[in-house]
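Undergrad: this is a predicted model, with the sequence first.
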Amino acid sequence: MFSKRKLNSRLRKVFSVLLFLILFSGRAFAIETADVLGMVNLNCVDLRVIGACVKPPGIPGIVVMYWEPALLIETVKKPGDTVIGSLASVVSGLTREATSNFASTVTGLSIPVSSGSSSSKVTGTNLRFNEAHIYEFPFRDEIMSLIDMGCPDKLPTGSFIKYLSELDSVEWRIGLIEAMHPKSITSAASGLTCAATGAFLDDLCMGFWGATYPRRGFFTHQSEVVASAAAVVRAVSISGLLGSTAHVVLEQIGFLPSFESDKLELIYPSPSGCIKIGQNPISWESGKLSASGKYLWVYWRRRICCVY
């Protein structure tokens, strides 16, 4: 039998744990921008020397290839939500009016404005929905300073927030103009083939993940994690102005994405290491499901250049 003293001691410990959970559970899944640097896998840089080159009038050099962290991208289920605590008021403030206006526009139509929960799966189907937010990667220069042979041309520093799908609600949710884009018709017809073979067909497909177009927040896949990755690729395509239609972009990302050579890295809720866009989910997706429905990714852009 427990003595009264031991019982009281155990009760105090239980109370302490409960008090901790009550006070800090709201912060348990909060990430701050400063945390991102420590969450990135630096092996993703993957610097390689792949050849030789010559600069006029005969200066020898080497051809290097590596990947740089260009973008920080999150997907969430609820409009105005975010993984990054310090951005909560900014993202919510920017998207609140746009979401409200869209809701008023589609009142009476069977178009979901938000799942309003951590689950985006439409009942009885594998149709999932994500909002996508693209930010300039905040520590690109710090990471690139670790290598001595970087390419001389750098991405211009611009606005931190590049794209918020809530501001692009009409096309991100309905996509009437997007649906009329020639690539949407071709991509939709090729999607099943791509998913089965891992093909890209230029930017029409995302390898094993399926069709790139139409670039909306709705995506059919049995995996919520893959659906998040697909939303990331579609948002980057929109922000890179690939096949531009009527989408609303706050600021172009400053480069043309190449889905066959660029990479993604999941850093929240569980790290994936760098994966190829469209990589077979069997090799990386397991154990990455987010209880909150929120995901945070780094977009790694491939660079190839001659250095001297």
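TA: Perfect, thanks for sending it.
Undergrad: which SSE is immediately downstream of the worst-scoring helix or strand of the chain on mean pLDDT?
TA: In the chain, no helix or strand scores lower on mean pLDDT, DSSP states H and E than helix 4-24, which sits at a mean of 38. Next in sequence after helix 4-24, counting helices and strands by DSSP states H and E, comes helix 36-39.
Undergrad: and stretch 262-277, what's buried?
TA: Of the residues in stretch 262-277, 262-269, 272, 274-277 count as buried by neighbour count, 16 or more other CB atoms under 10 Å. For the C-beta atoms, the positions are set from N, CA and C on the backbone; glycine is no exception.
Undergrad: any idea how far that stretch is from the chain center?
TA: Between the mean C-alpha location of stretch 262-277 and the chain-wide mean there is a distance of 9 Å, by CA atoms, centre = their mean, to the nearest Å.
Undergrad: need the distance between the two termini of that stretch.
TA: With CA to CA, to the nearest Å applied, stretch 262-277 spans 7 Å between its terminal residues.
Undergrad: quick one: contacts of that stretch?
TA: 29, 31, 36, 39-41, 43-44, 46, 67, 83, 206-207, 209, 225, 229, 232-233, 259-260, 283-284, 287-292, 294-302 (CB atoms under 8 Å, 6 or more residues apart in numbering).
Undergrad: mind running it again at 7 Å?
TA: Around stretch 262-277, the neighbours that count as contacts under CB atoms under 7 Å, 6 or more residues apart in numbering are 31, 39-41, 44, 67, 83, 206-207, 229, 232-233, 259, 284, 287-288, 290, 295-302.
Undergrad: kindly list the longest strand within this protein.
TA: The strand of greatest length in the chain, counted in residues with DSSP state E as the criterion, is given as strand 59-76.
Undergrad: after that one, which helix or strand is next?
TA: Along the chain past strand 59-76, the next helix or strand (assigned with DSSP H and E) turns out to be helix 88-105.
Undergrad: that next one - contacts with which helices or strands?
TA: strand 161-164, helix 169 (3 or more CB pairs under 7 Å, 6 or more residues apart in numbering; DSSP states H and E).
Undergrad: isn't residue 72 right next to residue 139, touching?
TA: No - look at residue 72 against residue 139 with CB atoms under 7 Å: they stay out of range, at 9.1 Å.
Undergrad: got any residues that touch both of the two?
TA: When contacts are counted by CB under 7 Å, 6+ apart, residue 72 and residue 139 have residue 36 as shared neighbours.
Undergrad: so for these two, which sits in the more crowded spot?
TA: More crowded of residue 72 and residue 139, by other CB atoms under 10 Å: residue 72, with 25 against 17.
Undergrad: quick one: that one from residue 157, how far?
TA: Summarising the geometry, the distance separating residue 72 from residue 157, computed by CB to CB, to the nearest Å, is 14 Å.
Undergrad: same question, residue 142
TA: From residue 142 to residue 157 the distance is 13 Å (CB to CB).
Undergrad: again with residue 181
TA: Residue 181 sits at a distance of 31 Å from residue 157 (criterion: CB to CB).
Undergrad: poorly predicted segments of the chain, please.
TA: Where the chain drops to pLDDT under 70, the residues are 1-30, 102-124, 191, 242-244.
Undergrad: how about stretch 78-91: buried residues?
TA: By 16+ other CB under 10 Å, the buried positions in stretch 78-91 come out as 78-84, 87, 91.
Undergrad: pretty sure residue 302 contacts residue 69?
TA: No - Residue 302 lies out of contact with residue 69 (CB under 7 Å); the separation is 11.7 Å.
Undergrad: so for these two, which sits in the more crowded spot?
TA: Just comparing residue 302 and residue 69: by other CB under 10 Å the higher neighbour count belongs to residue 69, 24 against 16.
Undergrad: so that one sits against residue 41, correct?
TA: No - counting by CB under 7 Å, residue 69 does not reach residue 41; the two are 10.0 Å apart.
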